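Participant: could you work out the structure for the sequence below:
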Amino acid sequence: MPREMEDKWFIYWENDALYFHRSWTGFCIYVARFTTQGECHRMIEADVNRDPEQYGQTSDERDAQMISYLIDVLLLQQEAEFPSDEPSLEKRSAMMWGQVGRAMLGQHPNDG
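Facilitator: Numbering: from 1, shown residues only. Below you'll find the predicted structure:
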């Protein structure tokens, strides 16, 4: 659950799927579906919101990378490389802040 403006996503699990909503707008951007394999889960498909008034990205490849990045950084609290071809560190940092906010600094809503 987002607690501050800097918490950019509301993510929840329901019916073997992760739902990724932007915290400010409430728009659902991604739905990632999983299958269970023993004690593990494996992502098998994802739906992406392509309404240009809600989400401007159009690259399936970048969205697949972003879903994995969000899972790693926000849910698993692991370090991960931000999916971007932007050569400028300053611009890439601004993009990362827009995607994960304070989590890029290792601060997570569920840390208390």
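Participant: CA only for contacts and neighbour counts going forward, please
Facilitator: Fine.
Participant: low-confidence ranges, this protein, go.
Facilitator: 5, 108-112 (pLDDT under 70).
Participant: how about the strands in the protein?
Facilitator: Under the criterion DSSP state E, the chain carries strands at the ranges 9-14, 17-22, 28-37, 40-48.
Participant: at which residues are the helices of this structure located?
Facilitator: 60-70, 89-100 (DSSP state H).
Participant: in JSON lines, list these along with distance to residue 34 and mean neighbour count.
Facilitator: Listed next are the helices of the chain as JSON lines, based on distance: least, Cα to Cα, whole Å; neighbours: other Cα atoms under 10 Å:
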{"stretch": "helix 60-70", "distance to residue 34": "13", "mean neighbour count": "16"}
{"stretch": "helix 89-100", "distance to residue 34": "22", "mean neighbour count": "15"}
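Participant: between those helices, which gets nearest to residue 22?
Facilitator: Closest approach to residue 22 among these is made by helix 89-100 (9.2 Å; Cα to Cα).
Participant: about what we covered before: return the most buried member of the strands of the chain.
Facilitator: strand 17-22 (a mean of 19; mean count of other Cα atoms under 10 Å).
Participant: elements contacting that strand?
Facilitator: Under the contact criterion of 3 or more Cα pairs under 8 Å, 6 or more residues apart in numbering; DSSP states H and E, strand 17-22 touches strand 9-14, strand 28-37.
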